[in-house]
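> With the sequence up front, the predicted model follows.
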Amino acid sequence: MPETAYRSKARIFADILRAIAADRETKPTHVLYKANLSYDRLTKYLGMLEANGLISKNSEGEKTSYSITDKGRYFLQEFRKVEDFTTAFGLKL
């Protein structure tokens, strides 16, 4: 029976941050597709990332976009190191 691959919360955070970092400012819909999340989960995680200072929310009228902060870039940098480490030892993150 094949093993089901669930993403950890850290991996989901990294996927969202990578999606936002790819553009200067990103609309929630673009993040939703790039990070492969449902709307409800995306909203939950965006709130968590914003509360922790990893992203910033930019609102103009009814339009909302997100941008990555320096702290978010640092998270991605360190997460890549953890990914490389776990891969080198054949572990899953």
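Here it is on my side, so go on.
> contact partners of stretch 21-31?
Here stretch 21-31 makes contact (C-beta atoms under 8 Å, 6 or more residues apart in numbering) with 16, 19-20, 34, 37, 42-43, 46, 58, 63-68, 72-73, 76. C-beta: built from backbone N, CA, C; applies to glycine.
> ditto for stretch 47-62
Applying C-beta under 8 Å, 6+ apart, the external contacts of stretch 47-62 come out as 13, 16-17, 20, 25, 46, 64-69, 71-72, 75.
> which two in these are spaced the farthest apart?
Longest distance between any two of these is 21.4 Å, between 64 and 75; criterion C-beta to C-beta.
> okay, these two: which has more neighbours?
Comparing residue 64 with residue 75 by other C-beta atoms under 10 Å, the one with more neighbours is residue 75, at 21 against 14.
> How far away from the center of its chain is the helix or strand hosting the more buried one?
Remark: residue 75 resides in helix 70-88, with elements defined by DSSP states H and E. A distance of 12 Å separates the centroid of the chain from that of helix 70-88, by C-alpha atoms, centre = their mean, to the nearest Å.
> Which secondary structure elements does it sit against?
Using 3 or more C-beta pairs under 8 Å, 6 or more residues apart in numbering; DSSP states H and E as the contact criterion, the secondary-structure elements in contact with helix 70-88 are helix 9-21.
> ok, then the element right after the helix it packs on?
Next in sequence after helix 9-21, counting helices and strands by DSSP H and E, comes helix 28-35.
> how many degrees apart are that following helix and helix 9-21 in direction?
Counting by axes from the mean of the first three to the mean of the last three C-alpha atoms, to 10 degrees, helix 28-35 points 130 degrees away from the direction of helix 9-21.
> which parts of helix 28-35 are buried?
For helix 28-35, a neighbour-count test (16 or more other C-beta atoms under 10 Å) marks 30, 31, 32, 34, 35 as buried.
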